[in-house]
Every structure is written in structure tokens, then in C-alpha cells.
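Colleague: Sequence first, then the predicted structure, then my questions.
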Amino acid sequence: MYPDIDLLFLEYKNNIKDSIKYNELIRHPSILDSWSMNVIKRSNSLRHAYKNNEMILGRIKEDLSLGLDEEKASYYYEKVYSLYYDAIDDYGIIKLIADYLIIFYSAIKDYDKLAILYLILGFETLECFNRNPFYAKKSFEYYKKAISLQEHYNEMKDSSARLAIFKAYYNIIGINAIYVPEVKLHIFDYYDDAIKLWDSIENEDKNDPSFIKINEEIRGNILSVEDFLDGLDEKSVNRFIDIALKWDYEKDISGIWFLAHLKAQYLAHKRSLNEIIEELKAYYYSLPDLDINDIEPELILKIFNAGCDLLDYYKESDLENKEYEIEKIINRTDQFLYSIPFDYENNMIDFLCVTWFNVALPHLKDKSEKEKLLTHLIVERQLFTYLHSVMVSKISKEIALNILNNSPDFFIGFMNFKNLDDVLKNKDRILNYIEKAGLFHDVGKSTIATLINLQTRKLSDEEFGLIKNHPKAGIEVLKDDSYFKDYYDVILMHHKWYDGTDGYPIEVNNQSSIYKKAIDLVSIADSLDAATDIFGRNYTTPKSVDDVLLEFQSLKGSRYNPNLIQLISNDNELVSKLRQMTKDDRAMIYYYAVKELEER
């Protein structure tokens, strides 16, 4: 029907599939030379995809702007559905087309198409933005629009459209309820509405296995409120207890129903806290370790959910051995999550790792254990962000080492070191801090991994706006533990200009921080790595260190610390090391970083 557009969509999908193929190749290093060739192939493929997809999106925008008729709308509807069905989860292109379709189908009152489009947008909005609370609210709004169409239920000819209404209820009661306060407060209202709709149906849907299954899942999904009972009123808590006590949890594949049943027994005073702990502990330790050759998402959920609940129950208990038991649970769950291969990319896993980090962190007392938890569960989970962080850490440390050897007075005032003697006595401490600050600076990107890994097209202004929030997101990840407080300023301010006049976050004042010199140093290392990256940046042509230093010179005093720029530029030996590190040694640095991850 539209052969030129067909070819564009086919190429768009192939570009994304190629990027996935090369990502898989470089995640499993063999020998350095062949691995390096795959990294180069991936880079070239991504640059090609980035350029082509921009052209493709431009052509599709142009075609859509010419207007839609029924035939053309149907064509584009099938394309959106195909992207969704094939798990090409690209919010940008799906929303672009869906917005035009929704206007068209609203005008002609095609409720079938609207229900499915709202369901797709609800899903893509939540998943493509890694369950960000703001976008969880937007997702919820799409799902609400889907369920509002139930008044036209009997007019809908397509059973998949009618099913979409129940799927929207399922997602509201399950995923949205975790992130959206409005859903939490009214979760049983949505539950009752879904059951009421099901009970009112008199057509063939009542005997359709797909409809029966989704309604069973809705009834089971309400038990997930066990995770946030503290935020519910007494009436809702009693509803939960009543449902959970009667629920047959034997068919439970995620462990949530069983945990809800235990919580209900405890809240209803049918069993003591110690009895609940003993049964849950037996269940938790009966679960097998992860088989990395046959990963079961359900097992991951069972370990995670049971581990979280056990920690909560132990915290409430007065058992003499509770500290020992808490340590055992943390160690086992840590090791289980560590053992999930870093190339097992799944938004659920990213969410679980960040959540478990915040659950386990308050129980850890040793700083090395806290750093290990952060590094393994969060920093290393996103391979390409991790490789960038490794480079920033190495570049930052190399610059700091040369400055400490040649101009150590630069660090007077840093971390409140009052004089040169203080600096010289604390050289190792300074280097250790700089190295770790470089490694942790982008920890906030763990909350927007899907966007960070989207390298096959230009980001929209909306998407880039969320990227710019990663410094604040990093503080959110670490805010519950004072040990990481020393790194807050670097994490929050590494995109802020030296003179504070530009960069982001806009409202942050970076001028009075005792870590200002580390912020300035990591900012330079961050920019230097990004600008010279010959493998990972599809949207720009890599530059030489010398070209980047010339740019730094033109921005010293405003964007970059002028003293740092001068110290780097005047040190020929350092500049030579930076050339070597960012070009000839980059593939080797990446290779051994990936190799270490795979071996662990």
C-alpha cells in the first residue's frame, strides 16, 4: 500500500536488531583482537542506524503531517501494533504515530483502536522510562483512558480491544500502584470496578481463556498491595486481609500470593511474628540458586520478595540472633542478584537491583561492603554506562596523580585540607576519593537505562530532559545512607559549569562545595571521555585529545576550571598518557572491564 514507508519501517526494525546483535557479541569477550573488531562493527552499525533512523523518522513525520484517512490510519495502526508486538519498545516512534492516530480515531469514534492504542502507550510510557514516577503517572493516565471506554464495551467488535480494558485494569492495580499515590489510595475502587465489569459481561468473552486468565490475574494482583499497606486506610487493609486469607496461593508463580497470605495471617493475629519468620525463612532457603543458563524471572521475584519481607519481619522482631540472620539473608540475596548476568537486560531486574540496594544498604556497616553493593548491583548493571564510568575514573585518577606529583598545592582547600602538608599527607585518600567519584558519578543513569541504551536515533527533547535529571536521580538512589554523602556533590554537580552560570541541575549552587575541585576534575574527565569516545557515541564524531584540549581552552573560566585546564595542557607527559588511554588503550580497557564482569 505504501511501499516506500514499508521499507522505512523494515529498515528501522533492522537497525535496532543489528544494534542488539552487536551488543550481544561484545558482552561475551573471547580474544582481544576479535572482540575489538566487534566493538568497531557495533560502533559503525550504530552510527549508520542513528543517521538512517533520523531520516526515517523525518520521512514518517512528513507523511503523517499530510493527514490521515481510514486506509492510511489503518496502515499506521498496524505498524504501531507490530512495533509493540515485536518488542521494539521505542516510545519516541510509537508515541509519534499514536498521537496522530488517537486524534483520527477519536473523531470517528473507533473505540476498538483507541482502547488498544491507550494500552500500548500506557505500557511503553512506563517501560521506556524505566518506571520513572512522573512517567508512571502518565502511564496511568493512558490506562485510565482505556478503562473509560468500557461504556462502549458491547459496541467493540474486536475481542483484543475488549481484552485491552482488562489488561489496563491489571496494570493499574499492579505496576502503577507501586509508583502512583492516586492509585494506591483508590486501588480497591479499581479492583471492584474490574470485577464489576467482568460480572456484567454476557457475551462470548465470558468463556474465552484469555479473558478468564486476565481476570484471575487481576484478582491475584490485588495481593501486591502487601508491599505498601502502610499507606492504606484501615478499611483497605481489612479488605486485603480478607482477600489474602481466603486466596488459594498454591498456584502462585511469583511468591507474591504466599507472602500476602503470611502478612494477612500476621495482621489478623492468627500467627505470631516468630512463626511467620520461621515459615518464610524455610521457604526462602528452599528456593534454588540461579541457573544462569536457564534464567527464571519468577525465581528472581521469589528471592527478592521473600528477602525483602524477611528483613522487614526481622527488623520488627526481638529475636536474639536477628543480626546474624539479617546478614545471611543479605549475603544470599546479594549473591543471587550479582549472579544475574550483566547482559540479562530487563527493566524489572534494574528496578529490583536498585530497590534491593536501598533495602539492604541500611543493614551494612562496613564501607567496603556498601561500595561493593553499589558497584555490583547498580554501576555495573548497565554495561556502556559502566565502561564510560571506568574511563572517567581512570582519566580522573591519572590527572589527579600528575597534579599531586607536580602541583599538589592545587588541592589546598579540597576536603578542607588547609595547607600543603595536609594535601601531601592525604595523597592516597585524595586519589581514592577521585577514583571512586569518577566511578560513581553517573549512578543516576541506572534509573533511566532504557533511554541511555537507546543509541539508534536522536533523543527527543522530552527524553533528553529526563537524561538531564540523572544527577538528581543519583542522589535519590544514595540518599538513605550517609556514607555516600561525600560523593553527593560530584554526582549532583558534574554537569554544572565551573562558574555556575550554566549546565544542570539549573538550581544547584556548586560554588561553595568542599569537593569543588573534584567536581571540576570529574567534569573535565567526563567531557574528555565523551568527546574522544571512538566506540560508544553514535551521535558525534570522536575527536582527538588535542582538539578537545583546545576546546577546553576556549571555555576555561566559564565551563571548566581554568587552573585545571592549564595544569593539564602544560603537562606534556600527562597529555601523552591521555592520548594513549582514550585512543590506543580504550579497547583494551573496555575488554578487561567486560572480561572481569563475565568471569565474576
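Modeller: Cool, the structure landed. Numbers count the residues shown, from 1 in each chain.

Colleague: Let me know the secondary structure of the nearest residue to E380 once chain neighbours are set aside.
Modeller: Using Cβ to Cβ, 6 or more residues apart in numbering and skipping residues adjacent in sequence, the residue nearest E380 is Y386, 5.1 Å away. Where C-beta positions appear, they are placed from N, C-alpha and C, glycine not excepted. Classification of Y386 by DSSP: H, G, I helix; E, B strand; the rest coil places it in helix.

Colleague: what's around Y386, how many residues?
Modeller: 23 (other Cβ atoms under 10 Å).

Colleague: quick thing: my sequence starts at 3, can you match it?
Modeller: Okay, using 3 as the starting number, the last item reads as Y388.

Colleague: Please tell me how far it sits from N217.
Modeller: Counting by Cβ to Cβ, to the nearest Å, the separation of Y388 from N217 is 42 Å.

Colleague: show me the contacts for the residue nearest to E382.
Modeller: V381, E382, A595, L599 (Cβ atoms under 8 Å, 6 or more residues apart in numbering).

Colleague: residues near K23, how many?
Modeller: 13.

Colleague: which secondary structure element contains it?
Modeller: Assigned by DSSP states H and E, K23 falls within helix 5-28.

Colleague: which stretches of the stretch 203-352 of the chain aren't confidently modelled?
Modeller: 253-255, 345, 347-348 (pLDDT under 70).

Colleague: and with 90 instead?
Modeller: 204, 222-223, 225-235, 248-259, 292-300, 322, 340-352 (pLDDT under 90).

Colleague: can you give me phi and psi for N421?
Modeller: Here is the backbone geometry of N421 (degrees, to the nearest 10): phi -150, psi -180.

Colleague: for the closest residue to D483 other than its chain neighbours, what are its contacts?
Modeller: Residue nearest to D483 in three dimensions, not counting chain neighbours: L363, with 4.9 Å by Cβ to Cβ, 6+ apart. Taking Cβ under 8 Å, 6+ apart, we find L363 in contact with K372, L375, D482, D483.

Colleague: In helices, which of the contacts of Y388 appear?
Modeller: Among the contacts of Y388, DSSP state H puts A595, L599 in helices.

Colleague: will you turn the contacts of Y388 into a markdown table that also has neighbour count, distance to F242 and pLDDT?
Modeller: Below are the contacts of Y388 laid out as a markdown table (neighbours: other Cβ atoms under 10 Å; distance: Cβ to Cβ, whole Å; pLDDT from 0 to 100):
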| residue | neighbour count | distance to F242 | pLDDT |
| --- | --- | --- | --- |
| V381 | 21 | 37 | 89 |
| E382 | 23 | 37 | 87 |
| A595 | 18 | 46 | 89 |
| L599 | 19 | 41 | 79 |
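
Colleague: And the contacts of Y388, which is closest to V394?
Modeller: V381 (11.4 Å; Cβ to Cβ).

Colleague: Following the helix holding K23 in sequence, what is the next regular element?
Modeller: On the C-terminal side of helix 5-28, the nearest following helix or strand under DSSP H and E is helix 34-67.

Colleague: List the buried residues for stretch 231-242?
Modeller: Going by neighbour count (16 or more other Cβ atoms under 10 Å), the buried part of stretch 231-242 is L231, L234, S238, V239, R241, F242.

Colleague: what residues are up against the fourth one?
Modeller: Taking Cβ under 8 Å, 6+ apart as the criterion, V239 is in contact with L231, L269.

Colleague: sorry, back to before: including distance to D101, could the contacts of Y388 go into a markdown table?
Modeller: Shown next, in a markdown table, are the contacts of Y388 (distance: Cβ to Cβ, whole Å):
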| residue | distance to D101 |
| --- | --- |
| V381 | 36 |
| E382 | 37 |
| A595 | 41 |
| L599 | 40 |
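
Colleague: rewinding a little: quick one: work out the angle between the helix holding K23 and helix 34-67.
Modeller: 150 degrees (axes from the mean of the first three to the mean of the last three Cα atoms, to 10 degrees).

Colleague: Just the residues contacting helix 5-28, thanks.
Modeller: In contact with helix 5-28 (Cβ under 8 Å, 6+ apart) are residues 37, 40-41, 43-44, 47-48, 50-51, 54-55, 58, 61-62, 65, 77, 81, 84-85, 88, 90, 92, 95, 345, 385, 457-458, 596.

Colleague: Filter those down to the buried ones, ChimeraX style.
Modeller: Buried members of the contacts of helix 5-28, defined by 16+ other Cβ under 10 Å, are picked up in ChimeraX with:
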select :37,40,41,44,47,48,51,54,55,58,62,65,81,85,90,92,95,385,457,458,596
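
Colleague: so what's the residue nearest to E382 scoring on pLDDT?
Modeller: On the pLDDT scale, Y388 is placed at 91.

Colleague: Having no further points to raise, I will conclude here.
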